[in-house]
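In: model this:
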Amino acid sequence: MAQTKLHQILLLLFLSSIVYAKLEERVNWDSKLYVDHPLVGEIWSSKTEEFLSVEDLEEAFLDASYLILGEKHDNPDHHALQLSIIKHLIEGNQLSILAFEMMDSDSQELLDNIQAERLESLDAVKEYLDWDVEGWEWSFYGPLIMAAYEFGVPMAGSNITSSRMMEIYSLRALPPEINILKEETMQQLNLDIDETHCGLLPESQFPAMVRVQQGRDYSMSQSLGSKDSGAIKVLIAGNYHARRDLGVPNYLMADNPDLVAEEIVSISLMEVDPSEMEPKAYLQQHGETSPYDYIWFTPAISEKDYCASLRQ
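Out: Model prediction:
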């Protein structure tokens, strides 16, 4: 009885600590590049083509069934903003599942059983999950996982396993549940695969790499499951997976016939470009569908030319 009472007191103390962590503007940026860019800290709606307040953004996603939080993986400010959103949803008892690109289905059993463990620190959670520290910076994702663990929020490993990736890579054609994209979308995926590989990937590899991309997006949508009434399912993933035109939202719509587009909200946490002041340009829109519903602009973490380093 005393232990239960102590747990309740600790829970109340934790709750009180996040009451003041409501969704709010970030002022002290960890990333320092282009911090004086006029778009830094701004939130832009692709639908209205207007800037929003944090309160407006909060109101926009609280009625969603699915919330996809796109990120640049190595930017600490993106993860700080994600944590603010996650804590806000937890505070309102509005988060039904938290899914991660950074874990695959092999981690699901550990995630399903995590509530039975007495894990009292971030290091203990990292060790329990056998976290891929070389692939994903624990200091970025650990606080998100810990917040969900503390409040018993179910979590999901969203990515495909390495073995499944090789299987999809070797296929000649995808199964029909994955092969749902229109021809013009497939053409754009091929172009983007070439660009993201800095033009160094042989064209013969494009179809296989596109299949892997589709397999990942399908797996992420499957990990979220069917929509829950009155609760939000959140996916933490790279910005490309969050795209409404090319990514995970396509599979959510295909898997949920009663789902309407407005029930999926895609927020891109995006670094500013010193040469670009027009928010619409950051969408890199190819067709009629806007890639993101909202962009939340942040400073950049690095100005390194990734492609140039590969070509050396």
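In: rest of the way, CA atoms for contacts and neighbours
Out: Fine.
In: Go through stretch 103-112 and flag the buried ones.
Out: Buried residues in stretch 103-112, defined by neighbour count with 16 or more other Cα atoms under 10 Å: 103, 104, 105, 107, 108, 110, 111.
In: confidence score at residue 94?
Out: Listed pLDDT for residue 94 reads 94.
In: re the thing from before, now the buried residues of stretch 103-112 as TSV including secondary structure, distance to residue 119 and pLDDT?
Out: As requested, the buried residues of stretch 103-112 are exported to TSV (DSSP: H, G, I helix; E, B strand; the rest coil; distance: Cα to Cα, whole Å; pLDDT from 0 to 100):
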residue	secondary structure	distance to residue 119	pLDDT
103	strand	19	98
104	strand	21	96
105	helix	21	94
107	helix	17	97
108	helix	17	97
110	helix	13	98
111	helix	13	98
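In: buried sites along stretch 88-97?
Out: Within stretch 88-97, the residues scored as buried using 16+ other Cα under 10 Å are 88, 89, 90, 91, 94, 95, 96, 97.
In: I'd like to know which of the residues you listed are part of helices.
Out: 88, 89, 90, 91 (DSSP state H).
In: one step back: can you add distance to residue 158 and give the buried residues of stretch 88-97 back as CSV?
Out: Shown next, in CSV, are these (distance: Cα to Cα, whole Å):
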residue, distance to residue 158
88, 22
89, 20
90, 20
91, 24
94, 20
95, 17
96, 15
97, 11
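In: So which of these is the closest to residue 274?
Out: residue 88 (31.3 Å; Cα to Cα).
In: distance of the closest one from residue 61?
Out: As judged by Cα to Cα, to the nearest Å, residue 88 and residue 61 stand 12 Å apart.
In: do residue 303 as well
Out: 32 Å.
In: Same drill for those two, tell me which one is more crowded.
Out: Taking other Cα atoms under 10 Å, residue 303 and residue 61 do not tie; residue 61 has more neighbours (19 against 9).
In: circling back: got the ones in helices among the buried residues of stretch 88-97 as CSV, with pLDDT and distance to residue 209 columns?
Out: Shown next, in CSV, are these (pLDDT from 0 to 100; distance: Cα to Cα, whole Å):
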residue, pLDDT, distance to residue 209
88, 95, 37
89, 96, 35
90, 96, 37
91, 93, 40
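In: could those residues be laid out in JSON lines, adding distance to residue 166?
Out: JSON lines is the format used below for these (distance: Cα to Cα, whole Å):
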{"residue": "88", "distance to residue 166": "38"}
{"residue": "89", "distance to residue 166": "36"}
{"residue": "90", "distance to residue 166": "37"}
{"residue": "91", "distance to residue 166": "40"}
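In: Go through those residues and name the one nearest residue 145.
Out: residue 90 (12.2 Å).
In: show me the contacts for that closest one.
Out: Contact analysis of residue 90 by Cα atoms under 8 Å, 6 or more residues apart in numbering lists 148, 151.
In: ok, which stretches of this protein are strands?
Out: 43-45, 50-52, 66-71, 95-104, 155-159, 232-238, 264-271, 294-298 (DSSP state E).
In: Select, out of those strands, the one closest to residue 193.
Out: strand 232-238 (14.6 Å).
In: Quick check: neighbours of the closest one in the sheet, parallel or antiparallel?
Out: strand 66-71 (parallel), strand 95-104 (parallel) (DSSP bridges).
In: In PDB, could you pull the C-alpha coordinates for it?
Out: Extracted in PDB, the C-alpha atoms of strand 232-238 (Å, rounded to 0.1, in the frame of the first residue of the first chain):
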ATOM      1  CA  ILE A 232      -3.700  10.100 -31.600                       C
ATOM      2  CA  LYS A 233      -1.200   7.700 -33.100                       C
ATOM      3  CA  VAL A 234       2.200   9.300 -33.600                       C
ATOM      4  CA  LEU A 235       5.000   8.300 -35.900                       C
ATOM      5  CA  ILE A 236       8.600   9.600 -35.500                       C
ATOM      6  CA  ALA A 237      10.300   9.300 -38.800                       C
ATOM      7  CA  GLY A 238      12.500  11.100 -41.300                       C
END
